[in-house]
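Q: A structural model of the following input is requested.
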Amino acid sequence: MSVLVTGVAGFIGSHVVERLLLRGETVVGVDSLDGEFVPLKQARLARLQGRAGFHFHRVDIADQPGVETLAAEAAGAGRPIRRIVHLAALAGVRRSLEAPLRYVQTNLYGHTVILELARRLPGIEHMVYASSSSVYGGNTKLPFAEADRVDTPVSVYAATKRADELLSYSYAHLYRVPLSGLRFFTVYGPWGRPDMAAYIFARNILAGEPIPVFNGGDMARDFTYIDDIVAGIMGILDRPPTDRGAPGAPHCLFNIGNHQSEPLMRFIGVLEQALGRKAIMDFQPMQPGDVKASYADIDGIHAAVGYQPTTPIDVGLPRFVAWYREYHKV
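A: The predicted structure follows:
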């Protein structure tokens, strides 16, 4: 039996595979290795290849024949897929405004390809998939809770992720595939994404270049350390939902965050201290598609699997900086 993980060369995906392998799981890994930040993706993947139990396929999730072929090959090799962790996607609010068709192709069509695979796999036990805190759109009630309305996405990326949730509910209802969606809140840490705040700020501060500070710095985010995210994913993966998850379907949605909305200026201050340098700040207006604050209500995932984040930014950011300096030799 094996776990299919999509997006294994991605930030979260590579960490999830490591955790699965450490507990003795067999992993069928999928990634297209294209798009942006390819050298970093290749470096993440290199840390996994050659390890016992890991089997990599370079396949785009929007390639339905390719996805079906790798599943058939896994079954033929005696490692049939029974669980799925679907993390492959195009991420980023601002980039989605520039390339909406690419986002729809990967995040909607690609997600449906994986749903189709799940419903056709014999003995499928559970599929966990990535959603995003961006589905809360311009909501002003904090913290964000799963029961809040999410019908006003303010970016194309957010709209694709909300659409993924609706499609997933339909598949759970129609085909009885157990599905759990995780709304991630601003993940950071070693091997993180270069288009995220921690990475951009660290790079610019060390280079003596200005960092972009949007909305005049009046912003806040629920910054969540990667190890806490992985712990939540693993807990949910081991707990397939039943019909109690949603009316008439084995489908659940969970926030997965740090349950701490940090002011952006405090985040920058902690990063400055970890780097030992002061930032040059370029204050800019709010960007289209962005939101002023995010804050995760995690009562649902805590009740379900005992999820409790343990890493504040005062601990997580120095760990990120240590990795960044080692990886970039700066």
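
Q: Run through the residues that contact residue 194.
A: Counting by C-beta atoms under 8 Å, 6 or more residues apart in numbering, residue 194 makes contact with 36, 37, 40, 200, 203. Every C-beta, even on glycine, is put in place using the N, C-alpha and C of the backbone.

Q: Show the buried residues in those.
A: Among the contacts of residue 194, those classed as buried by 16 or more other C-beta atoms under 10 Å are 37, 40.

Q: For residue 79, state which of the contacts of residue 194 is nearest.
A: Using C-beta to C-beta, residue 40 comes nearest to residue 79 of the contacts of residue 194, at 28.1 Å.

Q: ok, back up a step: what would the contacts of residue 194 look like in JSON lines with pLDDT and secondary structure?
A: Below are the contacts of residue 194 laid out as JSON lines (pLDDT from 0 to 100; DSSP: H, G, I helix; E, B strand; the rest coil):
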{"residue": "36", "pLDDT": "85", "secondary structure": "coil"}
{"residue": "37", "pLDDT": "93", "secondary structure": "coil"}
{"residue": "40", "pLDDT": "97", "secondary structure": "helix"}
{"residue": "200", "pLDDT": "97", "secondary structure": "helix"}
{"residue": "203", "pLDDT": "98", "secondary structure": "helix"}
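
Q: residues contacting the residue lying closest to residue 53 once chain neighbours are set aside?
A: Excluding the flanking residues, the one nearest residue 53 by C-beta to C-beta, 6 or more residues apart in numbering is residue 26, at 4.7 Å. The contact partners of residue 26, by C-beta under 8 Å, 6+ apart, come to 1, 2, 3, 53, 55, 79.

Q: hmm, which two among those residues are most spread apart?
A: For the contacts of residue 26, the farthest-apart pair by C-beta to C-beta is 1 and 55; their separation is 12.9 Å.

Q: any shared contact partners between the two?
A: 26, 79.

Q: Neighbour count: those two, which is higher?
A: With neighbours defined as other C-beta atoms under 10 Å, residue 1 and residue 55 compare such that residue 55 has more, 17 against 13.
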